[in-house]
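Visitor: I'll drop the sequence and a predicted model, then ask my questions.
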Amino acid sequence: MAKTVSGLLLSFALLLGLSLYEIFYITSTLNRFRDATIGLFQRTEEHRATHEDGNALRLLWEHEKRSLHIWLPHTAIENVDYHLNEALGYLYQDNYEDALPKLEVIIDMSENILRSIALLPENIF
């Protein structure tokens with residue numbers, strides 16, 4: 001009986017620890033990506049963004065999404081890829097007005113993903 005209870009407590013502690021690590025890791029990764037996207041959004045609003053700025057954001061995203069594939073649904077990652085590629089195409093053409101909504105969508109998607117993994121009652125029950 002004591003072994004069963006201790007095994008259950010150990011399993012619960014491991015699951016809780018892994019869940020907290022997952023939340024911390026995804027939060028820090030997506031916050032870093034969201035902050036970089038906000039910076040690109042602000043440069044785009046000022047008509048100072050270049051295609052190289054967008055490529056820097058894409059490189060950051062490519063680096064971060066390698067490990068996010070473990071934790072996030074693939075559709076969320078594909079949606080960010082899709083909108084990021086469209087925004088970069090607009091930046092390549094210096095079409096700032098069309099790039100802004102795409103960057104805003106990426107920022108909103110990052111925030112929605114963060115809300116979906118937060119320890120909130122609606123996410124638990």
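Guide: Arrived safely. Being a predicted model, the structure only gives us computed values, none of them experimental. Numbers count the residues shown, from 1 in each chain.
Visitor: my guess is Ile38 contacts Ile107. True?
Guide: Yes: in this structure, Ile38 is within contact of Ile107 by C-beta atoms under 8 Å, at 6.1 Å. Yep, even glycine has a C-beta here, placed from its N, CA and C like the rest.
Visitor: closest to the centroid, which residue in the protein?
Guide: Against the mean C-alpha coordinate of the chain, by C-alpha atoms, centre = their mean, the closest residue is Leu30 at 3.7 Å.
Visitor: mind checking how far that one is from Asn112?
Guide: Taking C-beta to C-beta, to the nearest Å as the measure, Leu30 and Asn112 are separated by 10 Å.
Visitor: C-terminal to the host helix or strand of Arg66, what's the next element?
Guide: Element membership of Arg66, judged by DSSP states H and E, is helix 51-71. Moving toward the C-terminus from helix 51-71, the first helix or strand encountered (DSSP H and E) is helix 74-92.
Visitor: for whatever helix or strand comes next after that following helix, which positions count as buried?
Guide: Using DSSP H and E, the helix or strand that follows helix 74-92 in sequence is helix 96-117. Neighbour counts using 16 or more other C-beta atoms under 10 Å place 96, 99-100, 102-107, 109-110, 113, 117 of helix 96-117 among the buried residues.
Visitor: so helix 96-117 versus helix 74-92, what angle?
Guide: 160 degrees (axes from the mean of the first three to the mean of the last three C-alpha atoms, to 10 degrees).
Visitor: residues in contact with helix 96-117?
Guide: 22-23, 26-27, 30-31, 33-34, 37-38, 40-41, 44-45, 47, 49, 71-72, 76, 79-80, 83-84, 86-87, 90-91, 123 (C-beta atoms under 8 Å, 6 or more residues apart in numbering).
Visitor: just stretch 35-44 next, same as before
Guide: The set of residues external to stretch 35-44 that reach it, using C-beta under 8 Å, 6+ apart, is 49, 53-54, 56-57, 60, 91, 96, 99-100, 103-104, 106-107, 110.
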